[in-house]
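> dropping the sequence and predicted coords here.
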Amino acid sequence: MPQYYNPNYPPPRSYASRSFFRAFFATMICLAVIFGVILIVTWLVLRPSLPHFTLHTVSLTNLSTTSQSLSATWHLAFLVRNGNKKMTITYNALRSFVFYRATDVANSQLAPFKQDTKSETTLNATLVAASSYLGPSLINNLNAERADNSVLFDVQIVASTSFRSGSWRFRTRFLKVLCQKVPVSVSSNSSAGELVGGDRECQVWT
């Protein structure tokens, strides 16, 4: 009597490979969670705060105007304070600007520097305007302010900054510092002036 065989057997299940991939993905998820928790805890413990900028002195010399342009030299001194207890700050690509009514009249590149924790640094800047074009309208405004013995300028600093604590280094931030409406005592018959009213606090943001 003939015997019949079924050659179509079900393939064996690959339990080993499935278990491997499950364990692999579970491990990756756990590592990602642990790494994220470490970053959050580190951020909460260190929590870098922005530096504090104060415009300490302003000395204006060689001020002269034509019907359309301005020439002058500004000597500026800033007090820069790093209030962080655990983080140093490095400043690179520093540049300072002087504006008159939103028009850039002078700018200067500054040397990079590093601040230790809980420290204060004096940052000096010299900016020269050589026949910077303002136009008749702004020149008339400036001369009108000189007639009142005080001219308002805006002073700005931009820098690339990095915060570090030991081996931890946070991402580089583009820092902006703005000192608005800085009064300088200068009259119509004078070419020099000084900061009026003492130190000026500056806005700092990233």
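All right, it came through fine. Here the structure is a predicted model, which is why all the values come from computation and not from measurement. Residues are numbered from 1 along each chain as shown.
> quickly note the distance from Leu55 to Asp199.
Distance of Leu55 to Asp199, computed by CB to CB, to the nearest Å: 7 Å. In this view, the C-beta of every residue, glycine as well, is placed from N, C-alpha and C.
> give me the distance from stretch 133-149 to the chain's centre.
Put simply, stretch 133-149 sits 31 Å off its chain's centre (CA atoms, centre = their mean, to the nearest Å).
> quick one: the one residue sitting closest to the centre of the chain from Leu76, how far?
Centroid check for the chain by CA atoms, centre = their mean gives Leu175 as the closest residue, at 0.4 Å. From Leu175 across to Leu76, the span is 17 Å (CB to CB).
> ok, Trp205 next?
For Trp205, the distance to Leu76 - CB to CB - is 20 Å.
> neighbour count for the two, which is higher?
Neighbours per residue, other CB atoms under 10 Å: of Trp205 and Leu76, the larger number sits with Leu76, 23 against 10.
> show me the strands in the chain, by range?
Under the criterion DSSP state E, strands of the chain are mapped to 52-65, 69-82, 88-100, 103-110, 113-115, 119-133, 151-165, 168-169, 173-185, 193-195, 200-201, 203-205.
> and this structure, what are its domain boundaries?
Residue ranges for each domain of the chain read 10-46, 52-205, as given by automatic domain parsing.
> run the chain-centre distance for the last one.
How far domain 52-205 lies from its chain's middle: 14 Å, per CA atoms, centre = their mean.
> and it, how far apart are its ends?
10 Å (CA to CA, to the nearest Å).
> pLDDT of that domain, averaged?
Taken as a whole, domain 52-205 has a mean pLDDT of 97.
> and if you look at the shortest one?
Here domain 10-46 scores 66 as its mean pLDDT.
> what sits against Gln180?
Asp154, Gln203 (CB atoms under 8 Å, 6 or more residues apart in numbering).
> I misspoke; the intended subject was Ser64.
Ser64 neighbours (CB under 8 Å, 6+ apart): Leu70, Ser71, Ala72, Ser191.
> so it bridges to which residues?
Ser71 (DSSP bridges).
> look up how far Thr73 lies from it.
Distance from Ser64 to Thr73, by CB to CB: 11 Å.
> Glu194 too?
Applying CB to CB to Glu194 and Thr73 gives a distance of 13 Å.
> then Leu152?
18 Å.
> next: Ala106.
From Ala106 to Thr73 the distance is 8 Å (CB to CB).
> tell me which of the two has more neighbours.
Shown here are Ala106 and Thr73; by other CB under 10 Å, Ala106 has more neighbours (22 against 17).
> surely that one and Leu76 touch.
No: contact status for Ala106 versus Leu76: not in contact, 10.4 Å apart, counting by CB atoms under 8 Å.
> between these two, which contacts overlap?
The contact lists of Ala106 and Leu76 share Leu127, where a contact means CB under 8 Å, 6+ apart.
> thanks again, I'm all set now.
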